[in-house]
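Chemist: A structural model of the following input is requested.
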Amino acid sequence: MQIAELKEIAPLLAGGIGAGATLIAVVVTSLFNLRVARLNIEAQSRQKTKELKIEKLEDLFFLFEKWQVNFSNIYLIHLRCYRGQLTFNEVIKLVNERTTLAPGEAQKYRMIMDLHFPSLVQAYAPVEAARKRLVPFLSDPSVSRLSTQEFKSNQVIFEEACEAFKSKVSSLAHETLELE
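Modeler: Predicted structure coming up:
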């Protein structure tokens, strides 16, 4: 090849090298942007998952506490019957008037727990066991012949089990917030 031919090819060669370098730069930049976008999407997904988990824990805590207060009010009204302060018919009337749970709220907190936080089912078991021990006292004391002292003892066990469960839910929320 002669120098004259090289001079004619040089601009084309320089243009080709420049275009190739530009294409390589575009590819490298695109790959970098793709990686950054993927990392951002993953971070946003983790944040959204964390926010959803906290929201569900808040719902669980709120609905459980509402259920606990409602159940406590019911058994405290029944305790007044056991102490002879109310008749059983008055108890039934008061319970119907003072129920604070909307239909389905008790099922909703159980659903949230079962679907989103199966690890809490074991922590909830003592609450259910304590509730089952109180249920027999939600009847007419003249028929059931159960003792007021046993009623009070079971009430304390129920309240302690509820507080332990709420503490577990709260701990799970704190652990979730501390992640990352």
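Chemist: contacting residues around Ser170?
Modeler: Under the criterion of CB atoms under 8 Å, 6 or more residues apart in numbering, the neighbours of Ser170 are Phe61. Quick note: C-beta positions are derived from backbone N, CA and C, even for glycine.
Chemist: any idea which element it lies in?
Modeler: Here Ser170, judged by DSSP states H and E, is contained in helix 148-178.
Chemist: any idea of the mean pLDDT in the host helix or strand of Val28?
Modeler: Here Val28 sits within helix 3-82, counting by DSSP H and E. For helix 3-82, the per-residue pLDDT values average out at 89.
Chemist: Show the secondary-structure elements that the next helix or strand along the chain from that helix is packed against.
Modeler: Sequence-wise, the next helix or strand beyond helix 3-82 is helix 88-98, with elements assigned using DSSP H and E. Applying 3 or more CB pairs under 8 Å, 6 or more residues apart in numbering; DSSP states H and E, we find helix 88-98 packed against helix 3-82.
Chemist: any idea how far the helix it packs on is from the chain center?
Modeler: Here helix 3-82 is found 21 Å from its chain centre; the criterion is CA atoms, centre = their mean, to the nearest Å.
Chemist: That helix packs against which elements?
Modeler: helix 88-98, helix 105-116, helix 121-134, helix 148-178.
Chemist: between the first one and helix 3-82, how many degrees?
Modeler: Helix 88-98 and helix 3-82 meet at an angle of 160 degrees, taking axes from the mean of the first three to the mean of the last three CA atoms, to 10 degrees as the criterion.
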